[in-house]
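Q: Please find the sequence and the predicted model below.
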Amino acid sequence: MILFLDANIVLFGLTGHAAMKSHIAAELARYTGPDVVIAVSLLSRLECFVRAIRDKDAPNLKRLHDFFNNPRLRIIALTPSVIDGAANMRARYGLKTPDAIQLSCGIECNAAVFITADKGFKRCSELTLNIIDITGF
């Protein structure tokens, strides 16, 4: 089973404050087993590193490097097929380009679940969604 994590889940789950990390970890713990594969888009790498680089935040840079360099992580490349799919998702749902790319990557890797904190994906029907509520954190 492939779980596709939107960049916000990676970012909040690794660099958020303790309560938010715990909340996200609890949600992700629902999906366990030897057949579970975590997938992210290559775009997520860019999105997740920006703040830590800008802030020269060495502990979070290390967390992010460790996550993105994990050999068990599946990183979905931004291929022409992904970009074409993103164009279709952008046209169909009016998503912002990064969100359309994330959704297209989830579709491309045949994700069983697309996990995000972005409620804007609610109207998307191509994948099973788990929209984690992070309000109040």
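A: Yes, it's here. Residues are numbered from 1 along each chain as shown.

Q: so Asn110 touches Ile2, yeah?
A: Yes: judged on Cβ atoms under 8 Å, Asn110 makes contact with Ile2 at a distance of 6.2 Å. C-beta: built from backbone N, CA, C; applies to glycine.

Q: Those two - which one has more neighbours?
A: Applying other Cβ atoms under 10 Å to Asn110 and Ile2 shows that Ile2 carries more neighbours, namely 17 against 11.

Q: What separation is there between the more buried one and Leu28?
A: Distance, Ile2 to Leu28, using Cβ to Cβ, to the nearest Å: 13 Å.

Q: quick one: contacts for His17?
A: Phe137 (Cβ atoms under 8 Å, 6 or more residues apart in numbering).

Q: Let's see the pLDDT reported for it.
A: pLDDT for His17: 92.

Q: One more: Gly136?
A: pLDDT for Gly136: 80.

Q: Mind pulling up the pLDDT for Gly33?
A: 89.

Q: contacting residues for it?
A: Neighbours of Gly33 in contact, by Cβ under 8 Å, 6+ apart: Met1.

Q: what does Ala7 give?
A: 40-41, 43-44, 47-48, 98, 102.

Q: Which members of these occur in helices, if any?
A: Members of the contacts of Ala7 lying in helices (criterion: DSSP state H): 43-44, 47-48, 98, 102.
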